[in-house]
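Asker: got a predicted structure plus its sequence, pasted below:
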Amino acid sequence: MKRNKLLKLLAVLFAFALVATACGDSSGDDDTAAGSDADADDGGSGDDGDGGDDGDSDDGGGESSGTVTITGPERDESEAGAIQEVLSAWGEENGIEVEYTGDADWEANIDIQVQGGNPPNLSIFPQPGKLADFAREGSVVALADNVVSGMEWPEAWTAFGNVDGTQYGAPVKADLKSLVWYQPAKFEAAGYEVPETFDDFVALTETMIADGNTPLCVGIESGQATGWTYTDWVEDMVLRQHGPDVYDQWVGHEIPFNDPQIVESMQTVLDLWDTEGMVFSSGGSIAATAFQDNGQPLIDGDCMMHRQASFYSAFIPEGTAFADGSEDAVDVFYFPDINGDRPVLGAGTLVAAFDDNEATMAVAEYMAGADYAEARQTAQTALKEGGLSGFLSAAEGQDTGVYQPLEQSFLDILANASIVRFDASDLMPAEVGAGTFWSEGTSAVNGDQDAAGAADAIEASWP
């Protein structure tokens, strides 16, 4: 794909963020501390550290220790390893020691660290809504001019780090969510075809069950962010069942969370998962199965499909072939639509600063550029031993040749999409998007309440 086409389609993807960022809550009271869509989405199975730093409360540790500390939800060995490797190499060249800590409970711990006056120098935010809360309460500082001018991303991407006219966050990663992972050879052997519509998708699952196969692997456990997988499914269903206008009204709270249209989409997912024989959960139940623990069951044949974002390639077992026509190769297909409008769900992460130290801003400037994106993609691919990295970037000027063919196909899906929206829970106030949407959704998945009851409770929590 030519770079200008890539940048154009990615600009379309996040144009919506120009409006949605302005919808962030100004209260700043995140009592739930339940997590964000975290690239919780991006969270891995690595160390469950507290994500803190050892510096003093005035500067987060950077100036006093000579070290710039960074926390974030990405913690898989390849993800966290690539971040640390790239930043360490850059730091050696620039006389700055950089330490990255990936945290399974980043969403809760970043609140604790801020409230305790001991935040890291930088943190990677998967939620523009949460970043907006932090900005409005004065917890993060505006990015220095050199960081703002050094952001090598299209304006539509940088916009969702802009809060009330001030740049607080710089984009560092992109994700495509409307994907279904599968093994083409297994489909062919069973006589299955890739579904073109959601009705075809449901019919396919019914055929699989009748054949004695389990259609889906599903898990929503993710530490403090447990439940985000369910919200992704709901967001995709809102786009498919009710369209982008209703989706935008939902995100902006122009309609209540318990609007019948939203309840319908929530219940559609619950009903699908609750169908006998539909879901394989390696942890014994959907809520007890870690979201990242679905790659091995897919390869083992415990399920035929797994709906998850582009980053999920990082959790497919090492050594797996991707889209090369071999017997065990894994590929993806677009999570099919209902109305023929091919909506796509996307997301991303931003780096934000808790102090304005020169070293802190220098690291942020590097992370916001094409060199970081290209270096991270290269390092993460190597750590995956040549497999798919699980990383995507829209940074301008990077060599897109560092991405593999399947990763380019993720961008092709975006190119063919007529409707694209940023992850809804990431744009909602933190109390909701990083709180009750997750916790009440999990209760519904566990059967403790239905979709209507969960939606009522979420609506009551809206600030």
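Answerer: Perfect, I can see it now.

Asker: tell me where the longest helix sits in this protein.
Answerer: helix 228-251 (DSSP state H).

Asker: tell me what that one is packed against?
Answerer: Helices and strands in packing contact with helix 228-251 are listed as helix 17-20, helix 38-42, helix 260-274, strand 343-353, strand 419-422, helix 424-427, helix 437-445; criterion 3 or more CB pairs under 8 Å, 6 or more residues apart in numbering; DSSP states H and E. In short, each C-beta sits where N, CA and C put it, glycine included.

Asker: how far does stretch 300-308 sit from the chain's center?
Answerer: Computed by CA atoms, centre = their mean, to the nearest Å, the chain-centroid distance of stretch 300-308 equals 20 Å.

Asker: and if you look at stretch 216-233?
Answerer: A distance of 11 Å separates the centroid of the chain from that of stretch 216-233, by CA atoms, centre = their mean.

Asker: which parts of the stretch 51-200 of the chain are strands?
Answerer: All strands of the stretch 51-200 of the chain, identified by DSSP state E, counting those that start in this stretch, fall at 67-72, 97-102, 122-125, 162-163, 166-167, 169-176, 179-182.

Asker: same list (the ones you listed) but as JSON lines, adding distance to Gly91 and mean neighbour count.
Answerer: Formatted as JSON lines, those follow (distance: least, CB to CB, whole Å; neighbours: other CB atoms under 10 Å):
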{"stretch": "strand 67-72", "distance to Gly91": "8", "mean neighbour count": "26"}
{"stretch": "strand 97-102", "distance to Gly91": "4", "mean neighbour count": "22"}
{"stretch": "strand 122-125", "distance to Gly91": "13", "mean neighbour count": "28"}
{"stretch": "strand 162-163", "distance to Gly91": "27", "mean neighbour count": "22"}
{"stretch": "strand 166-167", "distance to Gly91": "23", "mean neighbour count": "16"}
{"stretch": "strand 169-176", "distance to Gly91": "16", "mean neighbour count": "26"}
{"stretch": "strand 179-182", "distance to Gly91": "34", "mean neighbour count": "22"}
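
Asker: so which of those comes closest to Asp456?
Answerer: Each of the strands of the stretch 51-200 of the chain has some distance to Asp456 by CB to CB; the shortest is strand 122-125, at 28.9 Å.

Asker: for the closest one, give the mean pLDDT please.
Answerer: Mean per-residue pLDDT for strand 122-125: 98.

Asker: and this protein, what are its domain boundaries?
Answerer: 3-176+345-425, 179-343+428-461 (automatic domain parsing).

Asker: what's the most buried one of those?
Answerer: Compared across the domains of the chain, domain 3-176+345-425 shows the largest average neighbour count, a mean of 22 (mean count of other CB atoms under 10 Å).

Asker: gap between Val86 and Thr101?
Answerer: Separation of Val86 from Thr101 (CB to CB, to the nearest Å): 15 Å.

Asker: right, I mislabeled it, should have said Met278
Answerer: As for Met278, its distance to Thr101 is 37 Å (criterion: CB to CB).

Asker: one more: Gly433?
Answerer: With CB to CB as the criterion, Gly433 and Thr101 are 23 Å apart.

Asker: about what we covered before: for Ala80, find the nearest of the strands of the stretch 51-200 of the chain.
Answerer: The closest of the strands of the stretch 51-200 of the chain to Ala80 is strand 97-102. By CB to CB, the value is 3.9 Å.
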